[in-house]
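Asks: Okay, here's the prediction I keep looking at, along with the sequence it came from:
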Amino acid sequence: MGTIVCQTCNSTIEHFEDEKVTVLYSKGSCQCDPPNQQEK
Ligand SMILES: [Zn+2]
């Protein structure tokens with residue numbers, strides 16, 4: 001099973017089917033990280 005984890009707050013956003021155990025770090029898919037926020 002794969003897991004998508006928030007890059008900012010490190011919380012699990014979503015799970016997806018996968019043969020291996022996979023962790024993907026995502027940004028902008030979590031409420032703690034609004035898309036309009038500018039990066040430094
Ligand atoms: Zn987050």
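Replies: Perfect, I can see it now.
Asks: which ones are touching Glu17?
Replies: By C-beta atoms under 8 Å, 6 or more residues apart in numbering, Glu17 lies in contact with 1-2. Just so you know, the C-beta spots here come from the backbone N, C-alpha and C atoms, and that holds for glycine as well.
Asks: Report the separation between it and the ion.
Replies: 22 Å (C-beta to the ion, to the nearest Å).
Asks: separation between the residue nearest to Asp18 when sequence neighbours are not counted and Asn10?
Replies: Distances taken as C-beta to C-beta, 6 or more residues apart in numbering place Gly2 nearest to Asp18, at 3.7 Å, with adjacent residues excluded. Applying C-beta to C-beta, to the nearest Å, the value for Gly2 to Asn10 is 16 Å.
Asks: More neighbours: which of the two?
Replies: Gly2 (14 against 10; other C-beta atoms under 10 Å).
Asks: Pass me the low-pLDDT residue ranges in this structure, would you?
Replies: Within the chain, the ranges that satisfy pLDDT under 70 run 33-40.
Asks: Please list the residues of it that sit near the ion.
Replies: Contact residues (C-beta under 5 Å from the ion) of the chain with the ion: 6, 8-9, 30, 32.
Asks: Next, count neighbours for Thr16.
Replies: Check again: residue 16 is Phe, not Thr. Neighbour count of Phe16, defined by other C-beta under 10 Å: 10.
Asks: can I assume it is in contact with Gly2?
Replies: Yes. Applying C-beta atoms under 8 Å, one finds Phe16 in contact with Gly2, separated by 4.6 Å.
Asks: Buried only: go through the residues of the chain next to the ion for me.
Replies: Buried members of the residues of the chain next to the ion, scored by 16 or more other C-beta atoms under 10 Å, are 6, 30.
Asks: and of the residues of the chain next to the ion, the nearest to Thr22?
Replies: Minimum distance to Thr22 across those is 15.5 Å, recorded for Cys6 (C-beta to C-beta).
Asks: how about Cys9, secondary structure?
Replies: coil (DSSP: H, G, I helix; E, B strand; the rest coil).
Asks: so after the helix or strand where Ile4 lies, what's the next helix or strand?
Replies: Assigned by DSSP states H and E, Ile4 belongs to strand 2-6. Following strand 2-6 in sequence order, the next helix or strand is strand 12-16 (DSSP H and E).
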